[in-house]
Every structure is written in C-alpha cells, then in structure tokens.
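A.B. asks: just to be clear, the model below is a prediction. Sequence and coordinates:
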Amino acid sequence: VGAFRGNQFGATFGGPLSFPHVLPKSKAWYIFGYYEGIRFRTPSNVNSLVPTTAEMGGDFSADPPIYNPYTTTTVPDGSQVRQQFPNNQIPMGPTNLCAPQPTCVNASALTILTEMYPAPNLPAGAVPGSNYVDTEPTVQDGDQWSARIDHQFGSKDNSYFRYSDSLDTSSTQSLPTLPTNSRNRYTNVAVSETHASSATLLFTTRFGMQRINEQSLNGGPGGGIGPVNTLKNSGLLAAFGQFQGNGTNYDLMPSIDTPGLAGLDTNNQINGPEYYMQWTEDIQKIVGKHQFAFGGRVMRTQFFTNTSATSDIEFSSAQTGNFTGNAGYSLASFLLGLPNGADRVGGDTSAYMHGNAYSLYLQDMIHLTGKLTVNLGLRWDYASPLINDSGSGTFVWE
C-alpha cells in the first residue's frame, strides 16, 4: 500500500568573498559551499498479529485450551493437573477462581495490552497468521551542508577555515505506539595556517574538531512509551526505571516477548555528544641533502554514551498449560501477568568518558644521490585510558 517517494535537491556556491566598502575583492578571500537534502517515504506495510477484541476481554474460545494456574494440584501418581478455565474464558472482574488473588487479570498487564496494541484492521484469514497491517511509511530525511573560506595573508601565509555539518533523521514502526526514531548529527570543523618563514622552513598549524551525536529511541512524543505514558500507568516504572539520556530521561519500557504476537521490542541507544578535538603542528626544514620533518599532535576525546541493555519480560504458554501437551496460550499468560522469565538492569548505565592522546614524530629524508633517497623516522604515540566522570566505572583501556 502506498508509493515510494524520493526527493533529492541541493545547491552550490562559490567565489570571492567581498562586502562593499568593508572587504574588497582585492583582499583575496574566497568561499565555496554546498547544501544537499533528501526526503524519502517508503511504504512499510508490516503485517503482525495483535490481540483480538475478544481476547482483550478474556475470551479465548477461538484459541487453544487455557488452564488456570491457580488450580494446580498434585494427584496420587505424583503428576500435576490444572482445571481449564470455564468456556476457555478468563473472568475480567472480581472472582474466586484465582484465589488468593482477588481477580485473575493482572492490572499492569491489561494496561500494557490496552495501550500498546491497536485493534485488528485486517479481516480474519485475509493474511495467514496476521490480523493487523501498519501502513505508516518509513520516513528518512537528510540534510548536509559545508562551507570553506580560503585566504592568503601576504606572500608567506596561507589559511583556510571549513565547517561541515549533516543531520539525518528517520522513523520506522511496526506498531503505531512503538516507533523507532533516530536522529544522527555529525559536525566537523577544520582550521589550518601554513607559514613559510623562508624558502627552506615551513610551519603548518591545524585544529580539527569532530562532533557526533547519535540517538535511537523507541516511543512517542516526550519519550513516553505508548499513547501517553504506559510504563507509569502500568505501575512498572518503579521496577524498570528510566533510561538516562544526556540531560533528558526516558521511560524504559522493557522489551516484552509474547510468542505469536507482535513483539514489544525496545532498544534505546544514545552516543553523544562525542567530541574529538586535535591540535597538530608540522615543521619542515631543508638543510643540504636533508629534508627534516617533525611535529606532533594532541587529541582530546570526550563523550556520553548509554544503551538500554537487557531489560525484558518473556511470556509463554507454559503458565496456562496443563503439563501434558501443547495446551496453553502465551497471550493468556500475559493477561494473567505470569511471565516465564524477566531480566532488568538497575541503576545508571550511562557513561561520561574522557581521555587524551599524544603523538610526536621525527623524519629525515636524505637525498644521497639523484637515484637514491633514504627515509629515516621515529614516532611515539600514547593514549591515556578513558575515565568515566560519572563514577560508574574505572578505566577503559582501548
């Protein structure tokens, strides 16, 4: 359903940089730049299986037999048996069928199911194994731009300044309540000055900075998961906490796996801002047959990073099975709030890292004859261990 739509556009500009009565063309300032943008809309048409209206009301009469785990008893031969829910239906209101629980349905599970899953929109049997299709397109937008200014300060100095930037955003989804929104921005700055002190001595000084900011987050506006704030509404916020962004925290909905149903998969990841800043100095000197080169670099690295790791809940048919076969249904186990397993990572998993690196080199190119040149060189590099400013780790030796 839907058509692919793609647009690519841009422009370039360049020439002498001048302002009347302020910066005449004779001052030899030159500028060149460009901009490019893309806008892509790609049909996704993701098919999946979501709970039916009947199942959301506890009616599993169209599904495999489901058994009440609160009726588990041990018979004389040592095996365990359970009683099937009457009419294969789970009571939605107060009942004594699941004593000592006042109700069979788990309130947190019902909130998640109600807020996260849309109603089926495909006729029964139209697509085998599916009753829902998400027709929202995959959205990809990209912008990049760059500008460079060159100038010659007299006959001995050449310099340039360049600024480059790009921003890429995308949005994909298989369920309308759980889009994956990515926003990646990359910025690069370079400044260079070359000074010729004499015909045999040259100095080049440079500064470069790379800034990276990558984000991939699951959820709707404001970082909430679901239409409003499902994790808080379900009462599970205290158990699973929040995902720590750089100045902004997001509700950390655990990934929920229910075999047969569309998965509620979350994977939040933030890398950035990352800064890589370096200063370099290169000197070249010619002495007779020797062409010496020496210099060095100082590089500063600092960045923020966090990943939502492995918080998840798994449901299976075993919790509503009868111990003797394949009976039971994972969605029924979900509605009862009885997972097969769960994992969570507590505390702050974010890291604010920083470290420095240093380099020095010395090289001698010796022109022994018109046909023989010898290169000799020595280089030293050292990168200090990265230190986590947040205190949740020690050193990273990379």
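C.D. replies: Looks like it came in fine.
A.B. asks: longest single helix anywhere in the protein?
C.D. replies: Counting residues, the longest helix in the chain under DSSP state H turns out to be helix 107-116.
A.B. asks: which helices and strands sit right next to the helix or strand that contains T169?
C.D. replies: Element membership of T169 [criterion: DSSP states H and E] is strand 157-172. Where contact means 3 or more C-beta pairs under 8 Å, 6 or more residues apart in numbering; DSSP states H and E, strand 157-172 is packed against strand 138-153, strand 180-198. All C-beta spots, glycine's among them, are computed from the backbone N, C-alpha and C.
A.B. asks: let's see the longest helix of the chain as PDB, backbone CA atoms only.
C.D. replies: The C-alpha coordinates for helix 107-116 follow below in PDB (Å, rounded to 0.1, in the frame of the first residue of the first chain):
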ATOM      1  CA  ALA A 107      -3.900  -4.800  36.100                       C
ATOM      2  CA  SER A 108      -0.400  -3.900  34.900                       C
ATOM      3  CA  ALA A 109      -0.700  -6.500  32.000                       C
ATOM      4  CA  LEU A 110      -4.100  -5.200  31.000                       C
ATOM      5  CA  THR A 111      -2.800  -1.600  30.900                       C
ATOM      6  CA  ILE A 112       0.100  -2.600  28.700                       C
ATOM      7  CA  LEU A 113      -2.000  -4.700  26.300                       C
ATOM      8  CA  THR A 114      -4.700  -2.000  26.100                       C
ATOM      9  CA  GLU A 115      -2.400   0.900  25.400                       C
ATOM     10  CA  MET A 116       0.300  -0.700  23.300                       C
END
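A.B. asks: after that helix comes which helix or strand?
C.D. replies: For helix 107-116, the following helix or strand on the C-terminal side (DSSP H and E) is strand 132-134.
A.B. asks: what lies in contact with that next one?
C.D. replies: For strand 132-134, the surrounding residues in contact (C-beta atoms under 8 Å, 6 or more residues apart in numbering) are 1, 44-50, 118, 120-122, 127, 173-176, 262.
A.B. asks: cool, and stretch 167-183?
C.D. replies: Contacts of stretch 167-183 from elsewhere in the structure, counted by C-beta under 8 Å, 6+ apart, are 44, 46, 48, 50, 115-118, 134, 136, 138-144, 184-185, 213-220, 225-227, 230, 262, 264-267.
A.B. asks: out of the residues you listed, which are buried?
C.D. replies: Neighbour counting with 16 or more other C-beta atoms under 10 Å marks 44, 46, 48, 50, 115-117, 134, 136, 138-144, 184-185, 213-220, 225-226, 230, 262, 264-266 as buried within the contacts of stretch 167-183.
A.B. asks: beta partners for the most centrally placed residue in the chain?
C.D. replies: The structure's the chain has its C-alpha centroid closest to S216; by C-alpha atoms, centre = their mean the separation is 2.8 Å. Here S216 shows beta-bridge partners S182, Q269, assigned using DSSP bridges.
A.B. asks: adding mean pLDDT, write the helices and strands packed on strand 157-172 out as TSV.
C.D. replies: Shown next, in TSV, are the helices and strands packed on strand 157-172 (pLDDT from 0 to 100):
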stretch	mean pLDDT
strand 138-153	93
strand 180-198	93
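A.B. asks: and the strands in the stretch 1-150 of the chain?
C.D. replies: Remark: strands assigned in the stretch 1-150 of the chain by DSSP state E, counting those that start in this stretch are 5-16, 29-42, 46-48, 67-74, 80-84, 132-134, 138-153.
A.B. asks: so for V189, which of those strands sits nearest?
C.D. replies: Taking C-beta to C-beta as the criterion, strand 138-153 is the member of the strands of the stretch 1-150 of the chain that comes nearest to V189, at 10.6 Å.
A.B. asks: just the angle for that closest one relative to strand 157-172, thanks.
C.D. replies: Interaxial angle of strand 138-153 relative to strand 157-172 (axes from the mean of the first three to the mean of the last three C-alpha atoms, to 10 degrees): 170 degrees.
A.B. asks: re earlier: so the residue nearest to the centre of the chain makes contact with N268?
C.D. replies: Yes. Here S216 lies in contact with N268, judged by C-beta atoms under 8 Å, at a distance of 6.9 Å.
A.B. asks: sorry, back to before: format the strands of the stretch 1-150 of the chain as JSON lines; extra columns: distance to A318.
C.D. replies: Output for these, formatted as JSON lines (distance: least, C-beta to C-beta, whole Å):
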{"stretch": "strand 5-16", "distance to A318": "46"}
{"stretch": "strand 29-42", "distance to A318": "39"}
{"stretch": "strand 46-48", "distance to A318": "23"}
{"stretch": "strand 67-74", "distance to A318": "9"}
{"stretch": "strand 80-84", "distance to A318": "11"}
{"stretch": "strand 132-134", "distance to A318": "26"}
{"stretch": "strand 138-153", "distance to A318": "36"}
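A.B. asks: residues contacting the residue nearest to D381 when sequence neighbours are not counted?
C.D. replies: Spatial nearest neighbour of D381, chain neighbours left out: S359 (4.8 Å); criterion: C-beta to C-beta, 6 or more residues apart in numbering. Listed by C-beta under 8 Å, 6+ apart, the contact partners of S359 are 296-297, 299, 379-382.
A.B. asks: and of these, the nearest to G347?
C.D. replies: M299 (31.2 Å).
A.B. asks: any idea how many residues pack against D77?
C.D. replies: Residues lying near D77 (other C-beta atoms under 10 Å) number 5.
A.B. asks: now do the one 4 residues further on
C.D. replies: Neighbour count for V81, taken as other C-beta under 10 Å: 13.
A.B. asks: quick check: it touching N322?
C.D. replies: Yes. Assessed by C-beta under 8 Å, V81 is found in contact with N322 at 6.8 Å.
A.B. asks: on that earlier part again, so how far is S174 from the residue nearest to D381?
C.D. replies: Computed with C-beta to C-beta, to the nearest Å, the distance linking S359 and S174 is 48 Å.
A.B. asks: same thing with W279?
C.D. replies: When W279 is compared with S174 (using C-beta to C-beta), they lie 47 Å apart.
A.B. asks: the two: who's more crowded?
C.D. replies: Set side by side, W279 and S174 show more neighbours around S174, with 18 against 14, by other C-beta under 10 Å.
A.B. asks: which pLDDT value belongs to the nearest residue to that one once chain neighbours are set aside?
C.D. replies: If the residues on either side of it in the chain are set aside, S174 comes closest to V46, at 4.2 Å by C-beta to C-beta, 6+ apart. Listed pLDDT for V46 reads 87.
A.B. asks: I'm done for today, thanks for sticking with me.
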